[in-house]
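Novice: Following is a predicted model, sequence given first.
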Amino acid sequence: AWEEGLLPDLVVGDFDSCGLRVADGIPVLKYPVEKDDTDTMIGIRYAVEHGMKEVVIYCGLGGRLDHTFANLQAMAFAAEHGLTASLKSNDTMVYMLKGGQANPGYIRLDERRGWSVSLFSFSSRCEHITTKGLKYPLTDDMLVNDFPLGVSNEWAEEWVEITVGEGLLLIILSKK
């Protein structure tokens, strides 16, 4: 947050891996180290409980693969509870899009030159996926979580639109 010039409204976690001091005047919710939730999950639960609409996770990629996967699962929890969830770093942007029959998931992303666009089913399958603006478009298609059909697509327009009718769709933008 400091590096980006952001002043947090609240800091939550167990602080087991943080040697930094939180600035005076910023509220802190400190949790025990031994708990069932990750620090990210604590933050997302807080956002859900307090009616927030969007969660952006920074510094949640790289390092340990188990922590990265836990962050993706936390994003799925956020999406299942109505939050827009994303995870961002310098070379990767991740979005979790939830579709339902009454309310298809939709996202529009501006082109990032030199980046790929990958789509993965985070649920067992995602149905009624339609994309616009990609080199290899999908029209009312399906992705399953045990076959990587949607990996490494390319921008064909200055924007991409992605719609999912059913399921949890993981969208990953990767710098080439």
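Specialist: Looks like it came in fine.
Novice: List the buried residues for stretch 134-144?
Specialist: Across stretch 134-144, burial judged by 16 or more other C-beta atoms under 10 Å covers Leu134, Leu138, Asp141, Met142, Leu143. Every C-beta, even on glycine, is put in place using the N, C-alpha and C of the backbone.
Novice: actually stretch 115-125, not the one I typed
Specialist: If you call a residue buried by 16+ other C-beta under 10 Å, then stretch 115-125 has these buried ones: Trp115, Val117, Ser118, Leu119, Phe120, Ser121, Phe122, Ser123.
Novice: Quick check: which ranges of the protein have low pLDDT?
Specialist: 1, 14, 18-20 (pLDDT under 70).
Novice: okay, which residue of this protein is out on the far edge from center?
Specialist: Distance to the chain centre peaks in the chain at Asp24, reaching 30.1 Å (criterion: C-alpha atoms, centre = their mean).
Novice: TSV for the buried residues of stretch 115-125, including secondary structure and distance to Arg45?
Specialist: Listed next are the buried residues of stretch 115-125 as TSV, based on DSSP: H, G, I helix; E, B strand; the rest coil; distance: C-beta to C-beta, whole Å:
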residue	secondary structure	distance to Arg45
Trp115	strand	31
Val117	strand	30
Ser118	strand	28
Leu119	strand	27
Phe120	strand	24
Ser121	strand	25
Phe122	coil	19
Ser123	coil	20
